[in-house]
Each structure stands twice: as structure tokens, then as C-alpha cells.
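Trainee: With the sequence up front, the predicted model follows.
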Amino acid sequence: MEVDLKKARRRFLRVEYPGYANDVSKVLETLGGTKTIAETLRDPHKRPELRFRPGDTDCQVAFGSRRQTADLLLRVRKKKRTGPGSDDDNLKIELVGIVDTVFTFEAPADFQFIPPGLDVDSKTGKSRHNLSRTELMGIEFLEKKEEIYMPPAMFSYTDKPHKYGFDSGISFPDKSAGKRLRPKRPSYAILIDFNGKTPSECREMPGSAIPEDLRICKKLFEERPIWSRGAVSHVLNLSDARTKDVLCRTAYYFSSGPWKRLWVRLGYDPRKNPESRKYQGIDYRVKTPYQRDAIPSATGSLTLTRLPPGKRAVPDYIFDPTRLLQQRQFRYQICDIRLEEVEGLLKESEISSECTEKDGWFGSGGVLEKIRQAMRCSVDRMIEIIGSASHDKPIAEEDKSILSADNSFSDESDE
């Protein structure tokens with residue numbers, strides 16, 4: 001056997017064709033041509049397509065699948081025996097290349113739809129009907145006496161035959177039909193919507209909270225009546241389970257409205273106090289490609305780094321202009337946004353006469369959108385400063401102060 005290393009580097013494609021390949025040119029035409037086959041090979045997510053009637057728009061496509069292999073493609077030649085000797089001496093085996101990809105078509109090849117009363121031309125393989133999809137047809141078309149031609153929108157949910165195991169032994173009681181079978185998890189948090197009634201007491205909960213945790217959490221809500229869960233978890237430096245336990249005993253939860261996903265002190269109603277507008281939540285989402293390239297995407301829930309009491313890094317629940325965002329989407333409280341523009345809007349904007357579910361106490365003056373715009377400009381500026389510093393470009397004096405700012409956070413509530 002002759003082995004040529006140059007030929008061993010050649011790669012070939014094997015197509016398991018569901019038919020007789022008497023004419024290779026017609027076979028390639030049903031596969032879309034060499035250009036389509038090459039595009040399918042380059043794209044690992046693209047499936048090979050087979051059309052037995054390539055020029056017919058009514059032809060149903062038979063999709064194939066690909067798999068990797070490592071087969072050898074050999075050329076075997078047999079010389080005519082002219083003298084004494086064995087048959088093996090007359091065989092010449094030559095390595096042509098390596099087959100690394102195989103296209104197979106396991107779907108039914110004859111799974112086609114032919115309109116009733118219309119046959120298929122045996123020469124062209126096309127349906128014999130005069131329906132034109134390239135031009136508008138006049139009213140005379142509707143007056144012709146022809147059978148209705150309505151091709152199906154979908155042939156089948158799957159393109160491969162498979163067995164379905166019908167099981168008649170499964171039965172459900174009438175009472176449980178249509179209901180969830182998994183027992184509902186107990187939840188002791190009080191959730192209300194924007195129009196709900198303000199609760200003044202917590203629900204009865206098993207066990208008791210750690211007195212020190214409960215005391216510090218109550219003190220937090222006395223200083224500030226509305227908090228986010230991430231903020232409480234960071235300030236108290238507690239685990240998620242302990243944070244949720246003390247929150248259920250000291251606050252209730254809004255599921256909609258301006259204070260959505262925030263915890264409010266029991267007995268306090270922010271819908272009656274205009275001063276609570278600074279505690280409203282605002283969603284900030286990175287939309288521009290410029291910011292998306294610089295800010296990583298967050299996966300999962302918010303994870304706050306817990307450090308010893310004292311000086312800490314600026315937590316994620318605070319929007320600081322001297323620190324780049326750590327997530328592309330986050331919900332801040334307006335009081336936690338450290339921007340002079342936002343503080344000015346809080347002082348200058350008029351208080352609405354009525355608290356609405358959409359804008360809260362800010363009314364319809366577009367104050368929330370102005371706050372988002374100020375946050376967006378701050379993020380763009382920080383990205384530009386960091387990019388200039390990383391490429392050794394000159395930085396303005398005022399921008400240098402931002403890079404050298406003390407990004408620390410002091411928890412006054414730690415004891």
C-alpha cells in the first residue's frame with residue numbers, strides 16, 4: 001500500500017444519499033450545489049438539506065444530520081493477470097485522503113405533499129399547476145374551476161420517525177387535575193401590590209431571630225424606612241437566609257409600583273408621604289454597544305462581597321460616578337445615586353399631587369428619564385477615562401481626581 005503524506009492531509013466529505021446516485025450532477029443539484037455544501041460544512045450549526053425536486057417550490061426539504069468520523073478513502077486497482085502469481089500481487093492500494101465528516105439523511109425521503117388532482121411531471125419532477133407566486137393574478141383566476149390548492153404550513157413536528165410510548169396506566173384524581181402536584185413552599189414575607197393595604201404586623205413565623213440581628217435591622221428601618229434586600233445584606237453582613245428572616249419580621253415587600261422589589265418598614269406607607277420619593281427604585285439598563293463592550297453581563301442573582309466592619313469598597317447597590325458598573329442591569333434607589341445632577345433634580349422638581357403606580361411622586365414631568373440620562377452620561381465618562389488611562393493617553397486634571405478618588409464606603413450602622 002502506497003502512502004503519500006501530502007494526500008493524507010486531504011479531507012473528504014461522505015454523503016449517505018437516500019437514493020440511486022446514477023448521475024452525480026443531479027445528486028449535487030438536489031443537495032443545493034457545491035457552494036451550498038461548502039457553506040454547510042463551514043457552519044457547524046447548519047443542517048444539510050436535500051430536495052428531490054430542486055426547481056419545485058412545493059418540494060418538502062429532507063433535513064439531514066452530520067457526524068464526525070475518521071475513515072480512510074482508498075483507491076484499489078487490479079491489474080490484469082498475465083503470468084503466474086497470486087491475485088494479491090495484482091492489487092494496487094493507494095491512499096486518497098481522510099473522510100472526517102459524514103452527512104446522513106434519516107428522514108423519510110418520500111415525505112412530500114402533492115396537491116390533489118395535480119400530478120408531477122416525470123421529466124422535470126415539478127408539479128403541473130399554473131399557480132404563479134411571482135405576479136398578481138386577476139379575477140379570472142378565481143372563476144376557474146380547479147380544485148383548491150392549500151399546501152400545509154407544517155408537515156410534522158419532527159422530521160424523523162420515532163416511537164411514542166403511550167401509557168394508559170397514569171391516572172390523576174379529579175381534585176388534583178390541573179393543579180400543581182409539588183407542595184407549595186412556605187413563605188412568611190408579606191407581599192402587596194401598589195393598591196394593597198399597608199400591613200402593620202408581621203406573620204407568625206416558626207422559631208425566633210437572633211436578637212442582635214433583629215435589633216440592628218429595626219434600627220436601619222428607623223433611620224431609613226425603605227431598603228433593598230441587597231443593601232440590608234451588605235450593611236448587616238449576614239447570609240441570605242438570615243437576611244430574609246429578619247426582613248420578614250420587620251418589613252413588607254412591594255411587588256409593583258415605584259417601590260417594586262423593595263422592603264418597607266411595617267406600618268409605613270410611602271404612598272402617603274411625598275418625602276418617600278427619594279427612596280423610589282429606578283431601573284438602569286445598558287443599551288448602547290459602547291457600554292456593553294465595557295460592562296460585563298451579570299449571571300444569576302446579585303452577590304455582594306461581605307467584608308469586616310469598617311471601611312469597605314463601594315457596594316453594588318450604590319451608583320458611584322468614580323466606579324465602573326459591575327452589571328449591565330440593576331435597580332437602584334434614587335437616594336443611593338451619588339450624582340450632583342440627581343440631587344439637583346430632587347430639590348428642583350415639583351412634587352406630584354398624587355402618587356401614581358408608574359412614576360410615584362414625580363408625576364409625568366420626565367424626571368425619572370432625566371435621572372437615567374445623567375447615569376448614562378456618567379457611565380460613558382467613566383468608560384472614556386478608563387480607556388484613556390489604559391492606552392496611556394493624556395487625561396484631564398478633573399478626570400485624574402476621579403481615578404484617584406477614595407472608593408470606600410463607611411457603614412455608620414455597624415456596631
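Mentor: On my side now, so go ahead. Residues are numbered from 1 along each chain as shown.
Trainee: Would you map the strands across this structure?
Mentor: 11-16, 49-50, 62-63, 65-78, 91-104, 191-192, 226-227, 251-254, 263-265, 281-285, 311-313, 329-333, 408-410 (DSSP state E).
Trainee: List the buried residues for the first one?
Mentor: Think strand 11-16. Going by neighbour count (16 or more other CB atoms under 10 Å), the buried part of strand 11-16 is V15. For glycine as for every other residue, the C-beta is placed from the backbone atoms N, C-alpha and C.
Trainee: Over to the fifth one?
Mentor: Counting neighbours by 16+ other CB under 10 Å, one finds that the buried residues in strand 91-104 are L95, G97, I98, V99, V102, F103.
Trainee: go on, the fourth one?
Mentor: For strand 65-78, burial by neighbour count (16+ other CB under 10 Å) applies to R66.
Trainee: Would you mind getting the angle between it and strand 11-16?
Mentor: For strand 65-78 against strand 11-16, the angle by axes from the mean of the first three to the mean of the last three CA atoms, to 10 degrees is 100 degrees.
Trainee: So, low pLDDT: which residues of this structure?
Mentor: 1-3, 5, 81-89, 109-111, 114-137, 141, 146-149, 166-186, 288-313, 386-415 (pLDDT under 70).
Trainee: R203: what's it in contact with?
Mentor: R203 makes contact with Y188, I190, C248 under the criterion CB atoms under 8 Å, 6 or more residues apart in numbering.
Trainee: how does it look with 6 Å?
Mentor: Y188 (CB atoms under 6 Å, 6 or more residues apart in numbering).
Trainee: Next: the one 5 residues further on.
Mentor: Not one residue lies near S208 by CB under 6 Å, 6+ apart.
Trainee: about what we covered before: which two of the buried residues of strand 91-104 have the greatest separation?
Mentor: L95 and F103 (22.3 Å; CB to CB).
Trainee: one step back: just send the strands of the chain back as JSON lines, with distance to L345 too.
Mentor: Listed next are the strands of the chain as JSON lines, based on distance: least, CB to CB, whole Å:
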{"stretch": "strand 11-16", "distance to L345": "64"}
{"stretch": "strand 49-50", "distance to L345": "58"}
{"stretch": "strand 62-63", "distance to L345": "57"}
{"stretch": "strand 65-78", "distance to L345": "58"}
{"stretch": "strand 91-104", "distance to L345": "61"}
{"stretch": "strand 191-192", "distance to L345": "28"}
{"stretch": "strand 226-227", "distance to L345": "19"}
{"stretch": "strand 251-254", "distance to L345": "23"}
{"stretch": "strand 263-265", "distance to L345": "23"}
{"stretch": "strand 281-285", "distance to L345": "11"}
{"stretch": "strand 311-313", "distance to L345": "27"}
{"stretch": "strand 329-333", "distance to L345": "14"}
{"stretch": "strand 408-410", "distance to L345": "23"}
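Trainee: Could you point out which of those strands sits nearest E350?
Mentor: Of all these, it is strand 281-285 that lies closest to E350, at 18.1 Å by CB to CB.
Trainee: neighbouring strands for that closest one, and are they parallel or not?
Mentor: strand 329-333 (antiparallel) (DSSP bridges).
Trainee: how about the partner strand: buried residues?
Mentor: So for strand 329-333, counting by 16+ other CB under 10 Å, buried means F330, R331, Y332, Q333.
Trainee: Stretch 53-66 now?
Mentor: Applying 16+ other CB under 10 Å to stretch 53-66 flags R53, P54, D56, D58, C59, Q60, V61, A62, G64, R66 as buried.
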